[in-house]
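1. no FASTA, just this:
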């Protein structure tokens, strides 16, 4: 049975830095802003989020015991304007959804960071529940990212 197509989630935040600086913080220093305590699979034992640069690079978290859990793989890499990746923090790679992150230069030293999360129908019966959970998740993450820019 085909699942109905669910609208992609779309979240944006404007930050006070250049496009290149925003992209760099997102991909090279995610542990400096990612709220691991509340947004990880290891919970209190999580110590890092890693994004390996380039197409097919892994996105994963690691624990204090150096255990790693894959969250996804880079599918598109266009620094400093965008990246895209599969996302399966909530299941297996076969259940991966798609995330696109774009970094748009605004006036001066301001950048709009937009997250588009789609492919929910791949999650079958869990699609609506996980899409709704990710509404809050991406809002929290973009708030944390924005806060890191302003530190």
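-> Cool, got the structure. This is a predicted model, so every value here is computed, not measured.
2. C-alpha from now on. contacts and neighbour counts both.
-> Will do.
3. neighbours of residue 50, just the number please.
-> Look at residue 50: counted by other CA atoms under 10 Å, it has 19 neighbours.
4. Over to residue 74?
-> Residue 74 has 22 nearby residues by other CA under 10 Å.
5. so what's it up against?
-> The neighbourhood of residue 74, defined by CA atoms under 8 Å, 6 or more residues apart in numbering, consists of 53-59, 83-86.
6. ok, of the residues you listed, which come out buried?
-> Taking 16 or more other CA atoms under 10 Å as the criterion, what is buried in the contacts of residue 74 is 53, 57-59, 83-86.
7. Export the residues you listed as JSON lines, with columns for pLDDT and distance to residue 132.
-> Formatted as JSON lines, the buried ones among the contacts of residue 74 follow (pLDDT from 0 to 100; distance: CA to CA, whole Å):
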{"residue": "53", "pLDDT": "97", "distance to residue 132": "29"}
{"residue": "57", "pLDDT": "98", "distance to residue 132": "27"}
{"residue": "58", "pLDDT": "97", "distance to residue 132": "25"}
{"residue": "59", "pLDDT": "97", "distance to residue 132": "22"}
{"residue": "83", "pLDDT": "98", "distance to residue 132": "23"}
{"residue": "84", "pLDDT": "98", "distance to residue 132": "21"}
{"residue": "85", "pLDDT": "98", "distance to residue 132": "20"}
{"residue": "86", "pLDDT": "97", "distance to residue 132": "18"}
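8. quick check, nearest of the residues you listed to residue 119?
-> Distance to residue 119 across the buried ones among the contacts of residue 74 (CA to CA) is lowest for residue 86, with 9.5 Å.
9. Centre of the chain to stretch 66-78, how far?
-> Put simply, stretch 66-78 sits 10 Å off its chain's centre (CA atoms, centre = their mean, to the nearest Å).
10. same deal with stretch 87-101?
-> 10 Å.
11. end to end, how far does it reach?
-> 12 Å (CA to CA, to the nearest Å).
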